[in-house]
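A.B. asks: predicted model and sequence follow; I will ask about them next.
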Amino acid sequence: MIMVGPGTGIAPFRAFLHERRALGHTGPNWLFFGEQHAATDFYYREEIEELRKDGFLTELDLAFSRDQADKVYVQDRMRERVRCCGSGCRRAPTSTSAAMPTGWPRTSTVPSTGWSLNTENWHLVVRRRT
């Protein structure tokens with residue numbers, strides 16, 4: 001499951017992670033989280049770090065926009081991860097597209113960023129909405 005939780009938007013993903021664990025789900029979990037300052041705005045920090053440490057949270061990408069001179073946002077971290085996937089990346093239509101081929105993996109659009117994500121084979125597929 002890929003989760004993008006900017007700011008207080010992290011709260012439902014925290015609950016999703018606990019529910020997945022309680023139900024015995026073993027698939028990978030990837031969280032992108034961003035806020036202004038790590039020292040004051042990393043909500044549920046100890047809990048998230050513990051989930052990462054024990055391996056239940058497979059991937060964790062953080063972006064704190066005001067902790068350095070150049071502002072870094074969640075969508076920047078997402079773009080960085082796309083680059084690391086190399087030739088595994090491909091563009092995909094959104095799941096609502098009428099032209100989507102039969103059997104094409106579903107994507108979901110992240111409203112706050114306009115990016116579409118696809119988790120097939122753990123490749124992050126990104127398509128900027130126009």
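C.D. replies: Nice, thanks for sending it over.

A.B. asks: quick check: bridge partners of Gly5?
C.D. replies: Beta bridges link Gly5 to Phe33, judged by DSSP bridges.

A.B. asks: distance of it from Gly24?
C.D. replies: From Gly5 over to Gly24 the distance is 23 Å, taken as C-beta to C-beta, to the nearest Å. Glycine gets a C-beta too; all of them are placed from N, C-alpha and C.

A.B. asks: for those two, indicate the residue with more neighbours.
C.D. replies: Neighbour count, other C-beta atoms under 10 Å: between Gly5 and Gly24, Gly5 has more, with 22 against 6.

A.B. asks: ok, the more buried one - contacts?
C.D. replies: When contacts are counted by C-beta atoms under 8 Å, 6 or more residues apart in numbering, Gly5 touches Ala11, Pro12, Phe13, Leu31, Phe32, Phe33, Gly34.

A.B. asks: using a markdown table, please lay out these together with neighbour count.
C.D. replies: As requested, the contacts of Gly5 are exported to a markdown table (neighbours: other C-beta atoms under 10 Å):
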| residue | neighbour count |
| --- | --- |
| Ala11 | 12 |
| Pro12 | 11 |
| Phe13 | 21 |
| Leu31 | 23 |
| Phe32 | 27 |
| Phe33 | 25 |
| Gly34 | 25 |
